[in-house]
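>>> need a 3D model of the following:
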Amino acid sequence: MISLFTALTFLLIADMTPEKRINRWYGFRSPKAKKNQANWDLAQKEMIAFAKRLVLPSFLIGLLFVAIEIFLIIQGAGNTVITLLLLECIVPAILYLILYFHCDRMLAD
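Below is the predicted model:
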């Protein structure tokens, strides 16, 4: 379920309009992105474009996790479900890190 929520988050990001001005609360906010307006504009566009590419893989990963969890619940493997849920928490963190480092790598120093 957590990976499905991640897919929904990426869908929301992909549907956003890029934030026009550097601000304190909204948009892709890395130190490089906040350095100047050109970096900020590029970071916002790249974040949205890359999030669009992550939607389908994260949705498929989420469906796989849900199917396995349902199977394990039916089998009565409670401890395995808990382990799988913990593993499922790691996947979104990895995807968000990939998004962050990809966008940050695109920016000029």
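
>>> Lys32: what secondary structure?
Following DSSP: H, G, I helix; E, B strand; the rest coil, the label given to Lys32 is coil.

>>> if I look at it, how far off is Leu85?
Relative to Leu85, Lys32 is positioned 34 Å away (CB to CB, to the nearest Å). In this view, the C-beta of every residue, glycine as well, is placed from N, C-alpha and C.

>>> residues touching Gly27, list them.
18-19, 33, 40, 43-44, 47 (CB atoms under 8 Å, 6 or more residues apart in numbering).

>>> contacting residues for Met106?
42-43, 46.

>>> looking at Lys32 and Leu85, which is more packed in?
More crowded of Lys32 and Leu85, by other CB atoms under 10 Å: Lys32, with 18 against 13.

>>> surely Asp109 and Lys32 touch.
Yes. Between Asp109 and Lys32 there is a contact under CB atoms under 8 Å: 6.9 Å.

>>> tell me, how many residues neighbour Phe10?
Neighbours of Phe10 using other CB under 10 Å come to 25.

>>> got a list of what it touches?
Phe10 is in contact with 51-52, 54-55, 58, 95, counting by CB under 8 Å, 6+ apart.

>>> for whatever helix or strand Gly62 lives in, name the packing helices and strands.
Using DSSP states H and E, Gly62 maps to helix 37-75. Judged by 3 or more CB pairs under 8 Å, 6 or more residues apart in numbering; DSSP states H and E, the packing partners of helix 37-75 are helix 2-15, helix 78-105.
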